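> The amino acid sequence is not available; the structure is as follows:
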């Protein structure tokens, strides 16, 4: 009996240790909200620096990186203790970043100085500063890690930077105010959202990495003014069958068929939906809703919102621990 109780206790402890977490950056509240992705309950909130926006995790989920935009730095936290461990250098007003799949380096868009900063996450030193267009924001890394893409909001371009020499090799003109870039898992296609243009640009990638604009996807929702349809966050399922697009003040997430590139559904979520993240296995998609101060949990298979969770003030970004 004692052995059984001990075994049960160990199993429960192990399960608790492995429970997933969603970290939400609250831009106006200057905090990070932590949500248990099994119970979908808030379990912690801690200081995230001034105006935390972009947020990502190390590949093993042990470290949380936060763009503290008004501090002009990247803050790094322990995902178990929530203690701030150190900061990483960035240019002024870091907004979004992407981390190499091996955890080093970190590529950061610095909105105020038109640079992408490449930072060594082990030595905490700047490896390179890459001049890009005006107001850089969106960041993506190709699955083969040969390319980093930056979107520049005012230049209206996607810049393709070689990770070998940190030089821009290609520029693709997209619609007004591009906010986010997302590759498919095979690296053969890139989606770039344009907030003011109201479209998502579909960019095909050749085997040598050369990008070609294929088409632009627009959106139309009955009863919603066209100017409210402002695409921001984009997420693509691993198999490429569905593309989810956050439509900002339209308070909806668009669902696009990956084969036909047709919009097949709109999911009602919270107010001013901004960024999104999948749980491991892609059972759920979590959205940040800046004006309603909550996140929405979407059942991916059902393409249906199932829960709303109150977080901090003006949630911006979200990152979810891996398996």
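Nice, thanks for sending it over. No experiment lies behind these values; they were computed from the predicted model shown.
> Now do the contacts for residue 37.
19-22, 279, 284, 320-321 (Cβ atoms under 8 Å, 6 or more residues apart in numbering). In short, each C-beta sits where N, CA and C put it, glycine included.
> 6 Å - rerun?
By Cβ atoms under 6 Å, 6 or more residues apart in numbering, the contact list for residue 37 reads 20, 22, 279.
> Quick one: those residues as TSV, columns for neighbour count, secondary structure and distance to residue 82 too.
Conversion of those to TSV gives the following (neighbours: other Cβ atoms under 10 Å; DSSP: H, G, I helix; E, B strand; the rest coil; distance: Cβ to Cβ, whole Å):
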residue	neighbour count	secondary structure	distance to residue 82
20	17	coil	16
22	24	strand	14
279	19	coil	20
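> And the helices in the stretch 1-150 of the chain, which stretches?
Defined through DSSP state H, counting those that start in this stretch, the helices belonging to the stretch 1-150 of the chain, from first to last, are 2-18.
> Let me fix that, I meant to ask about the stretch 151-300 of the chain.
If DSSP H, counting those that start in this stretch is used as the criterion, the stretch 151-300 of the chain turns out to lack helices entirely.
> Show me the shaky parts of it.
Using pLDDT under 70 as the threshold, the predicted model of the stretch 151-300 of the chain has no low-confidence range.
> all strands of it, in order?
Listed from the start of the chain, the stretch 151-300 of the chain has strands (DSSP state E, counting those that start in this stretch) covering 157-162, 168-173, 178-183, 189-194, 199-205, 211-217, 234-236, 242-246, 252-257, 263-268, 273-278, 284-289, 294-299.
> can you put those strands in a markdown table and add mean neighbour count?
Formatted as a markdown table, those follow (neighbours: other Cβ atoms under 10 Å):
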| stretch | mean neighbour count |
| --- | --- |
| strand 157-162 | 22 |
| strand 168-173 | 16 |
| strand 178-183 | 25 |
| strand 189-194 | 25 |
| strand 199-205 | 21 |
| strand 211-217 | 15 |
| strand 234-236 | 23 |
| strand 242-246 | 25 |
| strand 252-257 | 21 |
| strand 263-268 | 16 |
| strand 273-278 | 25 |
| strand 284-289 | 26 |
| strand 294-299 | 22 |
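> Among those, which comes closest to residue 40?
Taking Cβ to Cβ as the criterion, strand 294-299 is the member of the strands of the stretch 151-300 of the chain that comes nearest to residue 40, at 6.1 Å.
> Per-residue pLDDT of residue 111, please?
Among the per-residue scores, residue 111 shows a pLDDT of 87.
> Give me the nearest residue to it, chain neighbours excluded.
Using Cβ to Cβ, 6 or more residues apart in numbering and skipping the chain neighbours, the partner closest in space to residue 111 is residue 93 (4.4 Å).
> Please name the residues that touch that neighbour.
Contacts for residue 93 were tallied using Cβ under 6 Å, 6+ apart; they are 69, 111-112.
> What of residue 146?
Per Cβ under 6 Å, 6+ apart, neighbours of residue 146: 163, 209.
> Return the distance of it relative to residue 103.
Applying Cβ to Cβ, to the nearest Å, one obtains 17 Å for the distance of residue 146 from residue 103.
> again, but for residue 164
Between residue 164 and residue 103 the distance is 19 Å, computed by Cβ to Cβ.
> Neighbour count: the two, which is higher?
When residue 164 is set against residue 103 and neighbours are counted by other Cβ atoms under 10 Å, the residue ahead is residue 103, at 15 against 10.
> shouldn't the more buried one be in contact with residue 58?
Yes: Residue 103 is in contact with residue 58 according to Cβ atoms under 6 Å; the separation is 5.1 Å.
> Find the nearest non-adjacent residue to residue 190, please.
Distance criterion Cβ to Cβ, 6+ apart; nearest residue to residue 190, sequence neighbours excluded, is residue 203 at 4.3 Å.
> Pretty sure that neighbour sits against residue 191.
No: taking contacts as Cβ under 6 Å, residue 203 lies outside contact range of residue 191: 7.5 Å.
> Pull the contacting residues for residue 292.
Each residue near residue 292 by Cβ under 6 Å, 6+ apart is listed here: 270-271.
> Tell me the spacing between it and residue 306.
Note on residue 292: its distance to residue 306, by Cβ to Cβ, is 16 Å.
> now swap in residue 317 and tell me
When Cβ to Cβ is the yardstick, residue 317 and residue 306 sit 21 Å from each other.
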